[in-house]
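S.K.: From the sequence below, what's the structure:
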Amino acid sequence: MARRILLAEDDRFLRKAAEAALRRHGFEVLAAVDGEDALRRAREEPPDLILLDLIMPKLNGFEVLRELKQDVPTASIPVIVLSNLGQEGDVQQAMEGGAVAYCVKANLSLEELVRRVEEALANRAGR
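M.R.: Okay, here's the model as predicted:
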C-alpha cells in the first residue's frame with residue numbers, strides 16, 4: 001500500500017514538481033493549496049507524513065502545525081516544514097512546534113526532498 005503524503009504548498013509550480021517526484025517514488029500525494037485546506041485534508045484522510053509550507057493563504061504553516069499537534073487524531077503525523085524562511089527563529093519555532101525537520105526550499109532538490117520524506121517515515125516506523 002502506498003504511503004500517503006499531504007503536500008501543503010500554495011506555489012503551483014513547486015507543488016506540481018514535488019508531487020511528480022514523490023509519485024515517481026511510489027507515494028500517494030494529496031495536495032492542499034492553503035492552510036485551511038491542509039487541516040481539512042489531514043483530518044479527513046490522515047496522511048503518513050505532511051510537507052508543510054509556512055507562508056500560505058488563510059492559515060499560515062505555524063498555525064496549521066499548532067492545530068495538527070493539538071488534535072489527537074493528527075498529533076502523531078510527522079511534519080516536515082518546507083519554507084523559504086531560513087531565519088533561526090523560524091526554524092526554532094517550527095521544531096518546537098512539533099516539526100520533525102525543517103527544509104529551506106531554495107537549498108532543497110527534489111531528490112533531497114524525497115530522501116527526507118523517506119527518512120522521516122523510516123524514523124516513524126522505527127518507534
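S.K.: what number of residues lie near the nearest residue to F27 once chain neighbours are set aside?
M.R.: The shortest distance from F27 to any non-neighbouring residue, by CB to CB, 6 or more residues apart in numbering, is to I5 (4.9 Å). Backbone N, C-alpha and C define where each C-beta goes, glycine included. For I5, the count of nearby residues is 24 (other CB atoms under 10 Å).
S.K.: Equivalent analysis for the one 3 residues further on, please.
M.R.: Close neighbours of A8, defined as other CB under 10 Å, add up to 29.
S.K.: so where's this structure shaky on pLDDT?
M.R.: 1, 125-127 (pLDDT under 70).
S.K.: At which residues are the helices of the chain located?
M.R.: Using DSSP state H, the helices of the chain run over residues 12-24, 35-44, 61-70, 88-96, 110-125.
S.K.: Now tabulate those helices in TSV and tack on distance to I77 and mean neighbour count.
M.R.: Formatted as TSV, the helices of the chain follow (distance: least, CB to CB, whole Å; neighbours: other CB atoms under 10 Å):
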stretch	distance to I77	mean neighbour count
helix 12-24	16	15
helix 35-44	7	19
helix 61-70	7	20
helix 88-96	15	14
helix 110-125	9	15
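S.K.: Can you add distance to P78 and give these back as CSV?
M.R.: Conversion of the helices of the chain to CSV gives the following (distance: least, CB to CB, whole Å):
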stretch, distance to P78
helix 12-24, 15
helix 35-44, 12
helix 61-70, 10
helix 88-96, 12
helix 110-125, 5
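S.K.: Centroid-nearest residue for this structure?
M.R.: L51 (1.2 Å; CA atoms, centre = their mean).
S.K.: Does it touch A18 like I think?
M.R.: Yes: between L51 and A18 there is a contact under CB atoms under 8 Å: 7.0 Å.
S.K.: Mind listing the residues bridging to L52?
M.R.: Per DSSP bridges, the residues bridged to L52 are A8, V81.
S.K.: what about it, neighbour count?
M.R.: Using other CB under 10 Å, L52 has 27 neighbouring residues.
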